[in-house]
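Participant: curious how this folds, go ahead:
(2 chains)
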There are 2 protein chains.
Amino acid sequence: MAERIFGDIPGIPEGSEFENRFFLSQYGVHRPLQAGISGSQAEGADSIVLSGGYEDDEDLGDIIIYTGHGGRSLESGLQVADQQLVKQNLALALNCQRGLPVRVVRGYNHKSSFSPTQGYRYDGLFRVDSYWREKGKSGFYVWRFRLIKIETITALSVVHDDQPEYGTSKRITSTIQRVLRNTKLATYVKELYEYQCQVCQTQVMTNSGLYAEAAHIQPLGRPHDGPDVIANILCLCPNHHVMFDFGGFGIADNLSLIGLEGMLFAKPNHRLARQYLQYHREHFLLNNW
Amino acid sequence: MAERIFGDIPGIPEGSEFENRFFLSQYGVHRPLQAGISGSQAEGADSIVLSGGYEDDEDLGDIIIYTGHGGRSLESGLQVADQQLVKQNLALALNCQRGLPVRVVRGYNHKSSFSPTQGYRYDGLFRVDSYWREKGKSGFYVWRFRLIKIETITALSVVHDDQPEYGTSKRITSTIQRVLRNTKLATYVKELYEYQCQVCQTQVMTNSGLYAEAAHIQPLGRPHDGPDVIANILCLCPNHHVMFDFGGFGIADNLSLIGLEGMLFAKPNHRLARQYLQYHREHFLLNNW
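Facilitator: This next block holds a predicted model:
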């Protein structure tokens, strides 16, 4: 089996069209003939096909909310069980953690104004910006992946081209929409804890003083739309911020930690709203924790 | 003294012109009449003026490499001593760590094709992307700050406007140029250490497995232009990655840590080039460490 290629397939520019999945596979754009996600849970996902299978997908063109794999009945196609963060779903999660790009193909049968009218079209590289689980329209848990288009400037490319695929470092530009956080509130919470992590009490020292991060419990921005208020903000060290955002631990309503020993340290004048802790556990923690 | 405002001054749009520094100060765009940097080392910097003082400034329009304050002779204007990361320089460093925007004003006497021909012009908000020290043209150390323009879409603003300044969270878009790293090399180094930090041996656990970061010793991208090779990459936990990037510790040629106890853990088949360690110490560590 050929090595998995992360990035463009040499000779296949964005916009290339394919009559059917057999050709898509032959050209190496998306190798599996049936599965929507091509990838392994050790390496990550190299490509996906949007082909109208999932009722929960959302396609905004440059931003796609993609639903993971699993839990559907072979006969009816309906969601009949919770999805797990394993196999191809875990592969896409690794793309997020490792910054690996994924090729996106849209099929004629994908319900979106961005789909081709026939066949399949290679629509370029996306990055996996974030992932979480939620109850789908069916009532069962699905894993959701937020994909954002990577815009490459070919005109300006300052590329050393000894390796054709993702193995090369390139300069790229991309237009990002991000939430400008309320730095006043973030600074307030960090100063309240004197830049000590609320989980481990670590203070990170840099050349310009102590460093801590303000972590939103229910994330800001689409689709979570958590509020930018003190009751939704924690003061964490970078390690516990990464762990929290990627569901490495959760916080119970009584502030005991789930997945880690001990309790969250919280000052009496910093009241965390239980609904945000609940939202985080619901969307980021694995079932078995 | 009025509260320091981070962000646009209400009623003063980007492009506003001012005859002299007195008016610039009266309108609150840049309050000090002499100093190039307005800020405090507790709060950060709210504005800077580019006015041709420093021989080392570089102005690419949307990207500015700005030279810090201090070490110049009052009489000759020449650099006669090293700059320190204190006062207004430390204020700009805090902007970087806390994500605070800084107002940028260009003066007629600033040597750049982006300067106005007379007076002073408010050129909008920039973020402080990174900072480091280097030997300036004079041979003395100066601190340098990489500023990147923040593009705000006013047309699309989904803003709740109860607070006029930076205290509000807004959605913004910005066009960023970034270096797409070589994820293959990064993954190789992380797997070599089984996702254990080379400083503290921590493994960060998430819902999709172990997490570590690949840290470049001599940074990628302008102006450092470090190479994307294994001899320039460390496997670090997020805490030690932040500390390393912000000069919280350095690594001596014999791999003992500077600013922290102990030694860097390095496998025999992972040879770090001494020139990159030297580059990092030179550009990111404080003098007194």
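Participant: look at A:Ile65 and give its secondary structure.
Facilitator: strand (DSSP: H, G, I helix; E, B strand; the rest coil).
Participant: A:Gln83 too?
Facilitator: coil.
Participant: I figured it hits A:Ser138, correct?
Facilitator: No - at 10.4 Å, A:Gln83 does not count as touching A:Ser138 under the criterion of CB atoms under 8 Å. The C-beta positions use only the backbone N, C-alpha and C, and glycine is treated the same way.
Participant: give me the nearest residue to the residue in the stretch 1-150 of chain A that chain B sits nearest to, chain neighbours excluded.
Facilitator: Nearest residue of the stretch 1-150 of chain A to chain B: A:Ala93, at 3.8 Å (CB to the nearest CB). Leaving aside its sequence neighbours, A:Ala93 sits nearest to B:Ser208 (CB to CB, 6 or more residues apart in numbering or on different chains; 3.8 Å).
Participant: contacting residues for the one you found?
Facilitator: Shown in contact with B:Ser208 (CB atoms under 8 Å, 6 or more residues apart in numbering or on different chains): A:85, A:90, A:93-94, A:96-97, A:246.
Participant: show me where chain A has its helices.
Facilitator: A:21-26, A:87-98, A:183-192, A:238-245, A:274-284 (DSSP state H).
Participant: reformat those helices as TSV; add mean pLDDT and mean neighbour count.
Facilitator: TSV is the format used below for these (pLDDT from 0 to 100; neighbours: other CB atoms under 10 Å in any protein chain shown):
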stretch	mean pLDDT	mean neighbour count
helix A:21-26	94	16
helix A:87-98	91	23
helix A:183-192	89	18
helix A:238-245	95	23
helix A:274-284	94	19
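Participant: using CSV, please lay out those helices together with distance to B:Ala42.
Facilitator: Output for these, formatted as CSV (distance: least, CB to CB, whole Å):
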stretch, distance to B:Ala42
helix A:21-26, 58
helix A:87-98, 35
helix A:183-192, 10
helix A:238-245, 22
helix A:274-284, 29
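Participant: go through the contacts of B:Ser208 and name the one nearest B:Gly61.
Facilitator: Distances from B:Gly61 to those, taken as CB to CB, are shortest for A:Cys96 (32.8 Å).
Participant: list the buried residues in stretch A:139-152.
Facilitator: Within stretch A:139-152, the residues that count as buried by 16 or more other CB atoms under 10 Å in any protein chain shown are A:140-150, A:152.
Participant: do the same with stretch A:66-77
Facilitator: A:66-72.
Participant: out of the buried residues of stretch A:139-152, who's near chain B?
Facilitator: A:Ile150 (CB under 8 Å from any CB of the partner chain).
Participant: coming back round to it: just to check, the residue of the stretch 1-150 of chain A closest to chain B is in contact with A:Ser130?
Facilitator: No - look at A:Ala93 against A:Ser130 with CB under 8 Å: they stay out of range, at 9.8 Å.
Participant: returning to what we had before: and the gap between the residue nearest to A:Ala93 and B:Tyr195?
Facilitator: 12 Å (CB to CB, to the nearest Å).
Participant: is A:Val204 in contact with B:Gly248, as I believe?
Facilitator: Yes - using CB under 8 Å, A:Val204 is in contact with B:Gly248, at 6.9 Å.
Participant: now the common contact residues for the two.
Facilitator: Listed as contacting both A:Val204 and B:Gly248 by CB under 8 Å, 6+ apart are A:211, B:242.
Participant: okay, and the beta partners of A:Ser47?
Facilitator: A:Ser38, A:Arg103 (DSSP bridges).
Participant: kindly report the same for A:Glu213.
Facilitator: Under the criterion used (DSSP bridges), A:Glu213 bridges to A:Leu236.
Participant: what's the neighbour count on it?
Facilitator: Using other CB atoms under 10 Å in any protein chain shown, the number of residues around A:Glu213 comes to 23.
Participant: my read is that it contacts A:His241, right?
Facilitator: Yes - A:Glu213 is in contact with A:His241 according to CB under 8 Å; the separation is 4.6 Å.
Participant: out of the helices of chain A, nearest to B:Gly259?
Facilitator: It's helix A:238-245; of those, that one is closest to B:Gly259 (CB to CB) at 17.2 Å.
Participant: then that closest one to CSV, C-alphas only?
Facilitator: Backbone C-alpha positions of helix A:238-245 (Å, rounded to 0.1, in the frame of the first residue of the first chain) are rendered in CSV as follows:
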residue,chain,number,x,y,z
PRO,A,238,-0.8,25.9,28.9
ASN,A,239,-0.7,22.1,29.7
HIS,A,240,-4.0,22.1,31.5
HIS,A,241,-5.5,24.4,28.9
VAL,A,242,-4.7,21.9,26.1
MET,A,243,-5.9,19.0,28.2
PHE,A,244,-9.2,20.8,29.0
ASP,A,245,-9.9,21.9,25.4
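Participant: tell me the mean pLDDT for stretch A:217-224?
Facilitator: Mean per-residue pLDDT for stretch A:217-224: 87.
Participant: near chain B at all, that stretch?
Facilitator: Yes - applying CB under 8 Å from any CB, one finds stretch A:217-224 in contact with chain B at A:220-221.
Participant: next one: stretch A:246-266
Facilitator: Yes - Stretch A:246-266 comes into contact with chain B (CB under 8 Å from any CB), by way of A:246-248, A:259.
Participant: now the residues you listed as TSV including distance to A:Phe265 and pLDDT?
Facilitator: What follows is the residues of stretch A:246-266 next to chain B, written out as TSV (distance: CB to CB, whole Å; pLDDT from 0 to 100):
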residue	distance to A:Phe265	pLDDT
A:Phe246	21	91
A:Gly247	21	92
A:Gly248	18	93
A:Gly259	17	93
